[in-house]
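Colleague: Need the 3D shape of this:
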Amino acid sequence: MVSGVSVIIPTAKVDEWLDDAVNSVLASGGIRVQVIVVHDGIEPDRTRDWAADPRVTIAHHRERKGPSAGMVTGRRLATFSYIARLDADDLSSPDRLRSQAAFLDEHPAAVAVGTRVTRIDENGRSTGEVRGPSGPDIRSHFLLSNVLAHSSLMFRRDVHDRIGGYDVSLRQMEDYLFLLQLSQHGPVAVLPDFLVKYRVHSSQASRGAKPYGSHIRLVMQERRALSRKLGANSLVSWLKNGAWVGLQYARYFGPMRPGHEL
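Modeller: Numbering: from 1, shown residues only. As a prediction, this is how the structure comes out:
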């Protein structure tokens, strides 16, 4: 039985949404938690109520380095063998971490587990479900697209270390690349329960990652590697890769809305 979970929250803001995110993790039931809040290019505010909680570890990047660097810093400070991620504007349910840790305890071959996700607006009101697969092994879906909400991810620290962790050179698609690499070492599950709330807000109204560049090359490389690992048909995989690249161009050059990335 795992002793606890280290939850990494990279943030570039100190605001009420961060307060809500941290407090949602601290309210987790049935499991010990360590919350690592990585302040990326911003000064920590040690007057926040949660800052004095002994379960909270505060980290600080004096210059903005991006979420991948935040995960690297968080991993270095993590004390538990299971690591979870939460974005600074999202919410974790009280049962999330216990449920995910129990799954990994009971399925030693699994390298990671996510949960299903609901959307909330800027005021925390539910606006519906995020569509996506669930089950004990969803890796084949990664050959279509990134179908696991990063805020719902929990993974084994030893597998993270085996693949070298997050690629700090990337500022785009670093989450998808990491999942593709994890997936080559064992099943990735998604629990059927809705245990994370994903906040959709106006500052997300961007065109997302560019459809060209080193992130596309690296993701395509790992998509092909996962395809071979899973024994997928080469022609089908080639078609899926072409469709995925086309989708990136359509997303970037077409009309977008907040929350489009899920």
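Colleague: Quick one: name whatever helix or strand follows the lengthiest strand in the chain.
Modeller: As assigned by DSSP state E, the longest strand anywhere in the chain is strand 188-199. For strand 188-199, the succeeding helix or strand toward the C-terminus, using DSSP states H and E, is helix 214-230.
Colleague: That following helix - contacts with which helices or strands?
Modeller: Applying 3 or more C-beta pairs under 8 Å, 6 or more residues apart in numbering; DSSP states H and E, one finds that helix 214-230 contacts helix 174-183, helix 234-253. (C-beta placed from N, C-alpha, C; glycine too.)
Colleague: need the least confident one among those helices, by mean pLDDT.
Modeller: Here the helices and strands packed on helix 214-230 differ in mean pLDDT, and the lowest is helix 234-253 at a mean of 86.
Colleague: on contacts alone, who are the packing partners of that one?
Modeller: Helix 234-253 sits against helix 214-230, with contacts defined as 3+ C-beta pairs under 8 Å, 6+ apart.
Colleague: ok now the helix it packs on, how far from the chain's centre?
Modeller: Distance of helix 214-230 from the chain centroid (C-alpha atoms, centre = their mean, to the nearest Å) equals 18 Å.
Colleague: I'd like the mean pLDDT over the longest strand of the chain, please.
Modeller: Mean predicted lDDT for strand 188-199 stands at 97.
Colleague: show me where pLDDT drops low in the protein?
Modeller: Counting by pLDDT under 70, the chain contains low-confidence ranges at 1-2, 204-208, 255-262.
Colleague: distance from the centroid: which residue in it tops it?
Modeller: Distance to the chain centre peaks in the chain at Leu235, reaching 29.9 Å (criterion: C-alpha atoms, centre = their mean).
Colleague: how near is it to Asn241?
Modeller: Here the distance between Leu235 and Asn241 works out to 11 Å (C-beta to C-beta, to the nearest Å).
Colleague: contacting residues for the spatially most central residue of the chain?
Modeller: Nearest residue to the geometric centre of the chain (C-alpha atoms, centre = their mean): His150, 1.9 Å. By C-beta atoms under 8 Å, 6 or more residues apart in numbering, the residues touching His150 are 85, 87, 175.
Colleague: go again using 10 Å as the cut-off
Modeller: 67, 71, 85-87, 90, 114, 117, 174-176, 178-179, 196, 198, 261-262 (C-beta atoms under 10 Å, 6 or more residues apart in numbering).
Colleague: which of the residues in the longest strand of the chain are buried?
Modeller: Buried residues in strand 188-199, counted by 16 or more other C-beta atoms under 10 Å: 188-191, 194-199.
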